[in-house]
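Colleague: A structural model of the following input is requested.
(chains A, B, C and D)
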2 protein chains.
Amino acid sequence: MVKNTGRPGYLQIADDLRAQIRGGSLAPGTPLPSTAQLAEQYDASLSVVKMAVGILRNEGLVIGQQGKGVFVREAEEPPPARDDEVAELRAAVQDLSVRLAKVEEQLATSTTRRSGRSSR
Amino acid sequence: MVKNTGRPGYLQIADDLRAQIRGGSLAPGTPLPSTAQLAEQYDASLSVVKMAVGILRNEGLVIGQQGKGVFVREAEEPPPARDDEVAELRAAVQDLSVRLAKVEEQLATSTTRRSGRSSR
DNA sequence: CAAGCCAACTAGGTTAACTATGTTGGTGAA
DNA sequence: TTCACCAACATAGTTAACCTAGTTGGCTTG
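Modeller: Sure, this is the predicted structure:
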C-alpha cells in the first residue's frame, strides 16, 4: 500500500514482492499479478509498478515474458552471490540467453518456411 | 549513442558507465557527469539516463547524493578470490555478446519477412 | 564586512502517455 | 471443421512533464 515512510514506493513494492517470493507466497513458476492489477493492489501508478518489477527482473528473481506475464523464476540459488559482479554476469548471461532464444526462433521459422502471421 | 542493437538504451548506457568505472576511466570518488550532460552525451532522454544511473545505484557501483552528484563508490571491493574464473566468465560473456549482436543485426537487416512488417 | 536570501544547479520520485511487440481467445467466413 | 483475422490484454521501452529536496555561489541588505 506504499506507506508514507521515507522509502520510495517502487522500492516498497519491490521489497514486498521479493518477500512474497522468498516466503513462498509466490511460488516459482507462478505468474505475478499483471501490472495493472498490482497497480490497483498497491494503489500505485503503473509506472512505479513497472519500476518495481524491473528491479526484480534485474535481480533475476523473476522473468518477464512479453505478452504473457511475469513469472517467478525457478531454482533460486543464493550461494555465490557474494559479488555483485557475479550478479552482473548472471544478468548478462540471462540477457544473452533471451536474445539467443529469439534469434534461434527467428531462424527456425524462416527456414521451415512456415506461413507467418502478420501482426498488426 | 545508444546503437540500434536489440539491447535497450538504458542498459547500453548502464553497461558503458559500468565499463568506464571498472576500466578506471571513472575513478572512485569522482562524480559522473550530470544527468543532463549524460543525456546529451548519449543522445538519450533524461529518463533513460536516470534509469541507467538507477541501475548502477542499485548495484552499489555508484552513490547518488542529492544536490551534489553521483559519485563512483570508493573501491572497498574485496577482490574475489576466484578472480580468474570471474574474469574468464566476463570475457566469455563479452565475446558472446559481440557475436550475438552481430547475428541479431544480420537478421534484422536481411530478413524482412514476407507478409509485411516492413518497418524499421 | 557579515548574514541571509535567492537563483541555479543537482539527484530523486512520480505520473501519464505513447509505441512496439507478443499471446490468446473469439468470431466469422470458406 | 478449419483457417484467417481481429480485439483485448500482456510486458517492455521511451519520452516528457512535474514535483521534492539538497547544495552552492552570488547578490542584496543590514
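Colleague: backbone phi and psi for A:S45, please?
Modeller: phi -80, psi 160 (degrees, to the nearest 10).
Colleague: Near it, how many residues? Count them for me, please.
Modeller: If you count neighbours by other Cβ atoms under 10 Å in any protein chain shown, A:S45 ends up with 12. Bear in mind the C-beta positions are built from the backbone N, C-alpha and C, glycine included.
Colleague: Relative to DNA strand D, how far out is the spatially closest residue to it that is not a sequence neighbour?
Modeller: Among residues not flanking A:S45 along the chain, A:A39 sits closest, at 6.3 Å (Cβ to Cβ, 6 or more residues apart in numbering or on different chains). With distances taken as Cβ to the nearest atom of the strand, to the nearest Å, A:A39 is found 9 Å from DNA strand D.
Colleague: Could you measure from A:A39 over to A:V49?
Modeller: 5 Å (Cβ to Cβ, to the nearest Å).
Colleague: the more surrounded of these two?
Modeller: Using other Cβ under 10 Å as the criterion, A:A39 and A:V49 rank with A:V49 on top: 26 against 19.
Colleague: I'd guessed the more buried one sits against A:L38; true?
Modeller: Yes: shown here, A:V49 and A:L38 form a contact pair, counting by Cβ atoms under 8 Å, at 4.6 Å.
Colleague: what residues are shared contacts of those two?
Modeller: The contact sets of A:V49 and A:L38 overlap at A:I13 (Cβ atoms under 8 Å, 6 or more residues apart in numbering or on different chains).
Colleague: ok, A:I13 touching A:D43?
Modeller: No: look at A:I13 against A:D43 with Cβ under 8 Å: they stay out of range, at 10.4 Å.
Colleague: what about the strands in chain A?
Modeller: Taking DSSP state E to define them, one finds strands in chain A at A:62-65, A:69-72.
Colleague: So which of those strands is nearest B:V53?
Modeller: For these, distance to B:V53 was read as Cβ to Cβ. The smallest value, 21.8 Å, belongs to strand A:62-65.
Colleague: Say whether chain B is contacted by the closest one.
Modeller: No: shown here: strand A:62-65 not in contact with chain B (Cβ under 8 Å from any Cβ of the partner chain), separated by at least 12.5 Å.
Colleague: Note down every partner strand of that strand and its orientation.
Modeller: Next to strand A:62-65 in the sheet, as set by DSSP bridges, lie strand A:69-72 (antiparallel).
Colleague: Mind checking the pLDDT average for the partner strand?
Modeller: When pLDDT is averaged along strand A:69-72, the result is 96.
Colleague: Show me what it is in contact with.
Modeller: A:21, A:26-32, A:34, A:53, A:56-57, A:61-65.
Colleague: how does it look with 10 Å?
Modeller: A:17, A:20-21, A:24-35, A:38, A:53, A:56-57, A:61-65 (Cβ atoms under 10 Å, 6 or more residues apart in numbering or on different chains).
Colleague: can you check stretch A:29-36 too?
Modeller: The contact list for stretch A:29-36, computed with Cβ under 10 Å, 6+ apart, reads A:17, A:20-21, A:26, A:38-42, A:46-47, A:49-50, A:52-53, A:56, A:62, A:64-65, A:68-74.
Colleague: Restricted to buried residues, select these in PyMOL.
Modeller: Selecting only the buried entries of those in PyMOL, with 16 or more other Cβ atoms under 10 Å in any protein chain shown as the criterion:
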select buried, chain A and resi 17+21+26+38+39+42+49+50+52+53+56+62+64+70+71+72+73
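Colleague: Restricting to the contacts of stretch A:29-36, which residues neighbour DNA strand C?
Modeller: Filtering the contacts of stretch A:29-36 for neighbours of DNA strand C using Cβ under 7 Å from any atom of the strand leaves A:L46, A:S47, A:Q65, A:K68.
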